[in-house]
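*Asks:* The sequence and its predicted three-dimensional model are supplied below.
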Amino acid sequence: MCGRVGGWREGESGVPSRRTAGAALSIEITDLTVQYGQSLAVRGLSLTVPTGSCFGLLGPNGAGKSSTIRCIATTQTPTSGTIRVGGHDVAAAPAEVRRLLGVVPQGLALYDSLSVAENLRVFGGLFGLRGAALRGRVDWGLELSQLGAHRDKRVHTLSGGMKRRLNIAASLLHAPKILVFDEPTTGVDPQSRNHIFDMIRALHKEGRTVVYTTHYMEEVEALCDRVAIVDHGRLVVCDTMEALLADAGSREFSVSLSEVTSVADLRARLAAAGVVVESLESKGRSLEAVFLALTGRALRDAS
């Protein structure tokens, strides 16, 4: 069964699901170099995004992430090196690559003067959808973004979270198999952030490959099974999340207690049992968990 978020289901829209597409799909980057004048933004970067993975691409500002994403998306020409998406060379077959990719940009790419539904129709048309297929995908996008009640509102009247959700839906109308999310939670409220996570998890569960970039490490830990870290245009490390965390130094353990006790009492008990403790602190729920518990997880869109 296909994954569901808020009632939407891939394949119900008049566009067949591509879940069973025959070609093996992944991203392969080999010796990628991107140069601006005398400045090298990407320096011989090589990495592979496995098919079906949820892949976190991390790095500080200026690490070369955005240049790499633009090259993958065919909007920038590499100085040297090769990129293959779904087996297609980006330079030789950009149209085929764009059919496979759904790129959600960091900056909002929407028409402020058009309504929610009009934006979806415009972007669907740019993807080559027409007639019943286009109408079906517009309905799919409204359900995915949970903006059906706001379909006739102009985009400039929407909140930041609503715009982000619409931006995601507009980027996925052509049912791509490989999804690239470039900092998709920037400027959103906790409810919208939670909904975006649910969308990504459900899309990934359907078999899509996901590439996710962000500066929020907790988002990558929550979503991704594999991570690459780049810095100064070079690959620093690429491995599974489990392996990266296991090699990160001393282990941390989370312990749930059946009775209320103090840190001092727990430390004493552990010492009596011969357990050497480097540090011990008491943590409650995160502020976000408290916020969502108090205000609910439902989306809060102005009516």
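*Replies:* Received the coordinates, thanks. Numbering: from 1, shown residues only.

*Asks:* Output the helix or strand hosting Gln191 as CSV, nothing but the C-alphas.
*Replies:* Here Gln191, judged by DSSP states H and E, is contained in helix 190-205. Extracted in CSV, the C-alpha atoms of helix 190-205 (Å, rounded to 0.1, in the frame of the first residue of the first chain):
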residue,chain,number,x,y,z
PRO,A,190,6.5,23.8,14.3
GLN,A,191,3.2,22.4,12.9
SER,A,192,4.2,23.0,9.3
ARG,A,193,7.7,21.6,10.0
ASN,A,194,6.1,18.5,11.4
HIS,A,195,3.8,18.2,8.4
ILE,A,196,6.8,18.6,6.0
PHE,A,197,8.6,15.8,7.8
ASP,A,198,5.5,13.6,7.4
MET,A,199,5.4,14.4,3.7
ILE,A,200,9.0,13.5,3.2
ARG,A,201,8.8,10.3,5.2
ALA,A,202,5.7,9.1,3.2
LEU,A,203,7.3,10.0,-0.2
HIS,A,204,10.4,8.2,0.8
LYS,A,205,8.4,5.2,2.0
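
*Asks:* Tell me the helix or strand right after it.
*Replies:* Downstream of helix 190-205, the next assigned helix or strand under DSSP H and E is strand 209-213.

*Asks:* list the buried ones in the helix or strand that comes right after that next one?
*Replies:* Toward the C-terminus, strand 209-213 is succeeded by helix 217-223 as the next helix or strand (DSSP H and E). Using 16 or more other C-beta atoms under 10 Å as the test for burial, helix 217-223 gives 219-220, 223. All C-beta atoms are positioned from the backbone trio N, CA, C, and that covers glycine.

*Asks:* Can you read off the backbone torsions of Thr157?
*Replies:* phi -90, psi -10 (degrees, to the nearest 10).

*Asks:* same deal with the one 3 residues further on?
*Replies:* Here the main-chain torsion angles of Gly160 (degrees, to the nearest 10) amount to phi -60, psi -40.

*Asks:* need the contact list for Arg70.
*Replies:* Going by C-beta atoms under 8 Å, 6 or more residues apart in numbering, Arg70 touches Gln76.

*Asks:* And stretch 98-109, end to end?
*Replies:* 16 Å (C-alpha to C-alpha, to the nearest Å).

*Asks:* Find out how far that stretch is from the centre of the chain, if you would.
*Replies:* 11 Å (C-alpha atoms, centre = their mean, to the nearest Å).

*Asks:* For it, give me every contacting residue.
*Replies:* Contacts of stretch 98-109 (C-beta under 8 Å, 6+ apart): 25, 66, 69, 72-74, 85-86, 88, 163-164, 167-168, 170-172, 174, 176-184, 186.

*Asks:* buried sites along that stretch?
*Replies:* Buried, per 16+ other C-beta under 10 Å, within stretch 98-109: 98-106, 108.

*Asks:* cool, stretch 34-44 as well?
*Replies:* Applying 16+ other C-beta under 10 Å to stretch 34-44 flags 34, 40-43 as buried.

*Asks:* same check, this time on stretch 87-96
*Replies:* Within stretch 87-96, judged by 16+ other C-beta under 10 Å, the buried ones are 88, 90, 93-94, 96.

*Asks:* cool, and stretch 50-58?
*Replies:* Result for stretch 50-58 [16+ other C-beta under 10 Å]: buried residues 51-58.

*Asks:* Let me know the closest of those residues to Ser145.
*Replies:* Closest approach between the buried residues of stretch 50-58 and Ser145, by C-beta to C-beta: Cys54, at 20.3 Å.

*Asks:* I'd like the distance between that closest one and Gly37.
*Replies:* 35 Å (C-beta to C-beta, to the nearest Å).

*Asks:* Same question for Trp140.
*Replies:* Taking C-beta to C-beta as the measure, Trp140 falls 44 Å from Gly37.

*Asks:* ok, now Leu166?
*Replies:* Leu166 is 36 Å from Gly37, by C-beta to C-beta.

*Asks:* swap in Leu223?
*Replies:* The value you get for Leu223 to Gly37, if C-beta to C-beta is used, is 36 Å.

*Asks:* distance of Ala293 from Ala92?
*Replies:* 52 Å.
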